[in-house]
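> using only what follows, build the 3D model:
(one chain, ligands or ions: 1)
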Amino acid sequence: MLILPGPNGTDRPYASEITPREVFEKRRKLLGMLAAGGLAGVSGLRWTDAAAQATQRLAAAANPAYQLTEKQTSRKDATTYNNFYEFGTDKADPAQTAGTLKTHPWSISIEGEVKKPFVLDLEALLKLAPMEERIYRLRCVEGWSMVIPWIGYSLSHLIRRAEPNGNARYIEFVTLNDKKQMPGLNYPVLDWPYTEGLRLDEANHPLTLLTFGMYGEVLPNQNGAPVRLTVPWKYGFKSAKSIVKIRFVRDQPQTSWNRANGREYGFYSNVNPEVDHPRWSQASERRIGEDGLFTRKRKTLMFNGYQEVASLYSGMDLRKFY
Ligand code: MTE
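Numbering: from 1, shown residues only. From the prediction side, this is the model:
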């Protein structure tokens, strides 16, 4: 996915550096067989768990304010073309390896500049506010996008429950860091755990969705089960998956992608067709599923089309704060 500059200044993807080709291909073959059900049960991989997870229904009422009428991405594409580096750097890796993620029991710890730190388990999180279905566009910094019916509620409900104090200006989101469950953590692709951040007003914007499901079901592991963010006006990497900690802080937090390459992945990372990534244009995008040879790319819209967030940035130079 995100291609980090190689050690000698080339644009070589990290995956090819961290895994010798033969090992990578052997592993791919084995996982392919597992996925097909051939060896399931023989290996330590809990593929069947992942499959069961993915078919658990999650009830939600459609929120009429957030119903894109664009054609939805197929569930198959949205669950097999993923970025989740803790499960490998290839798009197909997470669907094949994320069966090892144990999503229950799960909890999120609320820390930092709050009245009193506390822990909420998944059951409490699921009950915190009514579940809504919202159809959002999500655009990856790599230049592709999807339209997905997500299920969750505005993160603002949890923020209210957390009772941040007057010092809280940003939120840091920390995701699971367990090598036993996440094989990708054995490779120094990023500075683990994967962390992300939002300004408090961005986090409180009603569009920012604490997400538990998609396509009428609980999140499949590869999409960030059991709980992730969906921040539709920002590049996809801001939407952290498998969150275990939410920390309210005074200063702008560093994020994993900032640390890896701050010039390419800024803190704000608003979808902005006028600010190119240093190595490619951000003016257009490929919609996953529209992959014909002659299919025209779509024009990328400012804030990914979510103009209602523009006021969050009034007076800011978005070329500087990219
Ligand atoms: N969260 C974690 N923990 N690890 C990751 O590697 N990748 C990000 C984001 N959240 C990532 C993550 C990126 S780059 C994108 S584009 C989206 O997840 C992809 O979400 P999807 O696979 O559900 O489409």
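
> for burial, what's the neighbour tally of the residue in the stretch 151-300 of the chain that the ligand sits nearest to?
Per C-beta to the nearest ligand atom, Gly236 is where the stretch 151-300 of the chain lies closest to the ligand, at 2.6 Å. In this view, the C-beta of every residue, glycine as well, is placed from N, C-alpha and C. Using other C-beta atoms under 10 Å, Gly236 is surrounded by 22 other residues.

> which residue packs closest to it, ignoring adjacent ones?
In this structure, Gly236 finds its nearest non-sequential neighbour in Cys140, 4.1 Å apart by C-beta to C-beta, 6 or more residues apart in numbering.

> how near is the residue of the stretch 151-300 of the chain closest to the ligand to Glu196?
Distance of Gly236 to Glu196, computed by C-beta to C-beta, to the nearest Å: 11 Å.

> pretty sure Ser239 sits against Trp233.
No - with contacts counted by C-beta atoms under 8 Å, Ser239 stays clear of Trp233, the gap being 10.8 Å.

> and the two? Which one has more around it.
Legend: neighbour count by other C-beta under 10 Å for Ser239 and Trp233, higher for Trp233 (28 against 24).

> next up, the contacts around the more buried one.
Trp233 sits next to 207, 270-271, 303-304, 306, 309 when contact means C-beta atoms under 8 Å, 6 or more residues apart in numbering.

> what does His104 give?
His104 touches 122, 226, counting by C-beta under 8 Å, 6+ apart.

> sorry, back to before: thought the residue nearest to Gly236 was touching Tyr235?
Yes - Cys140 lies in contact with Tyr235 (C-beta under 8 Å); the separation is 6.5 Å.

> so for those two, which sits in the more crowded spot?
More crowded of Cys140 and Tyr235, by other C-beta under 10 Å: Tyr235, with 24 against 20.

> test my guess that Glu196 contacts Asn258.
No - counting by C-beta under 8 Å, Glu196 stays clear of Asn258, with 9.4 Å between them.

> higher neighbour count, these two?
Taking other C-beta under 10 Å, Glu196 and Asn258 do not tie; Glu196 has more neighbours (25 against 20).

> phi and psi next, for that one.
Geometry field for Glu196 lists phi and psi as phi -140, psi 170, criterion degrees, to the nearest 10.

> which stretches in the stretch 51-200 of the chain count as helices?
Assigned by DSSP state H, counting those that start in this stretch, the helices in the stretch 51-200 of the chain fall at 75-80, 93-97, 122-127, 155-162, 200-204.
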